[in-house]
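# One predicted model, sequence on top.
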Amino acid sequence: MSIEEHDDHTPDTAATIFEPGLWRDRGWTAKVLKNEDGDGWAVAMTLDGEAEPALVGPWTMGRNKKDPKPLDVNAFNTLVKTASEVIRRHEQQLQAQLHKQITVTCTQGRVTVSLDIEPDEEQPCARLSAHDEGGDLLADCAAPLSFKLDRASATAWADGGFQRPEGVER
């Protein structure tokens, strides 16, 4: 079976496959591809159910310096580990963008202010909250998506009595 015959990969056809240019196992598919510029080979790692690969990287030439080196268990395991790490880092970065937290000292004492963004395609929203040192909720309100949480804005919000920031629809 050639690599091209596997282009219709969907989650429901995710049977285990161990071929020189295509491995599918443990929820991952490794596919060796000819580089688009025609020079050398690449390998794409795709998680089952995803349309796009999580990782695309160069692949080694075989002994004849023309064909790709066949996939093997060690290479596949390394590719799974690397692609999983790429996904994990992407998720951490997304979480960091959607949840920001800063602790400031203000008239109420030490306060932890959080900005949480809900990335809904139709109705994205942001919430601003504050907790005291004991973890008790001091304030919680809607915030504009444009709100920038930093030390100055957190302190100003707390010292201003936790008033709803301007720019929020009620």
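Okay, I see it.
# contacts, neighbours, all on C-alpha from now
Fine.
# What helices and strands are in contact with whichever helix in the chain runs longest?
In the chain, ranked by residue count with DSSP state H as the criterion, the top helix is helix 73-98. In this structure, helix 73-98 makes packing contacts with strand 28-34, strand 41-47, strand 55-59, strand 109-118, judged by 3 or more CA pairs under 8 Å, 6 or more residues apart in numbering; DSSP states H and E.
# Between these, which one is closest to residue 131.
strand 109-118 (5.2 Å; CA to CA).
# So, low pLDDT: which residues of the chain?
Counting by pLDDT under 70, the chain contains low-confidence ranges at 1-14, 168-170.
# same thing but 50
The chain contains residues with pLDDT under 50 at 1-13.
# Contact partners for the closest residue in space to residue 70 that isn't next to it in sequence?
On the basis of CA to CA, 6 or more residues apart in numbering, the spatially nearest residue to residue 70 that is not a chain neighbour turns out to be residue 20, at 4.3 Å. Shown here is residue 20, whose contacts under the criterion CA atoms under 8 Å, 6 or more residues apart in numbering are 69-72.
# Narrow the residues you listed to those in helices?
If you go by DSSP H, the contacts of residue 20 have nothing in helices.
# related to what we said a few turns ago, tell me which helix or strand comes right after the longest helix of the chain.
Moving toward the C-terminus from helix 73-98, the first helix or strand encountered (DSSP states H and E) is strand 99-106.
# No further questions, thank you.
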